[in-house]
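K.L.:
Make a model of this:
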Amino acid sequence: MAKPQPFVHFTKSRSWWTGRITALCGATEEPGQYETDTWRLTKLPGPRCPACQAIEAQNR
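P.N.:
Here you go, the predicted model:
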């Protein structure tokens, strides 16, 4: 059985000191433990976070 891929979050902020990110949905991750949409222009490595997508749609 295939391993489920983690969600790809929309980055809200990133700490330059620690590398920790905060996503639009409020999820936080330490450096090296997350996938974001930042430098992916064509194909994302997994499904987008539904909560981040909803917040992004409201902000448009």
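K.L.:
any idea which residue sits dead centre in the protein?
P.N.:
Centroid-nearest residue in the chain, with CA atoms, centre = their mean: His9, separated by 1.7 Å.
K.L.:
okay, the nearest residue to Arg20 once chain neighbours are set aside: pLDDT?
P.N.:
Leaving aside its chain neighbours, Arg20 sits nearest to Glu30 (5.7 Å; criterion: CB to CB, 6 or more residues apart in numbering). For every residue, glycine as well, the C-beta is placed using N, CA and C. According to the prediction, Glu30 has pLDDT 86.
K.L.:
what do you get for Ala54?
P.N.:
92.
K.L.:
re the thing from before, next up, the contacts around the residue nearest to Arg20.
P.N.:
Going by CB atoms under 8 Å, 6 or more residues apart in numbering, Glu30 touches 18-20.
K.L.:
Compare those residues and tell me which is most surrounded.
P.N.:
Counting neighbours by other CB atoms under 10 Å, the top entry in the contacts of Glu30 is Arg20, with 15 neighbours.
K.L.:
Correct me if wrong: Thr11 contacts Arg20.
P.N.:
No - with contact defined as CB atoms under 8 Å, Thr11 does not reach Arg20; the gap is 11.0 Å.
K.L.:
can you count the residues close to the closest residue to Pro50 other than its chain neighbours?
P.N.:
Of all residues not flanking Pro50 in the chain, Phe7 sits nearest, at 7.8 Å (CB to CB, 6+ apart). When neighbours are counted by other CB under 10 Å, Phe7 registers 19.
K.L.:
what does Thr11 give?
P.N.:
Thr11, neighbours per other CB under 10 Å, totals 15.
K.L.:
Pairing-wise in the sheet, spell out the partners of it.
P.N.:
On the basis of DSSP bridges, Thr11 is bridged to Ala23.
K.L.:
I am finished for the moment; much appreciated.
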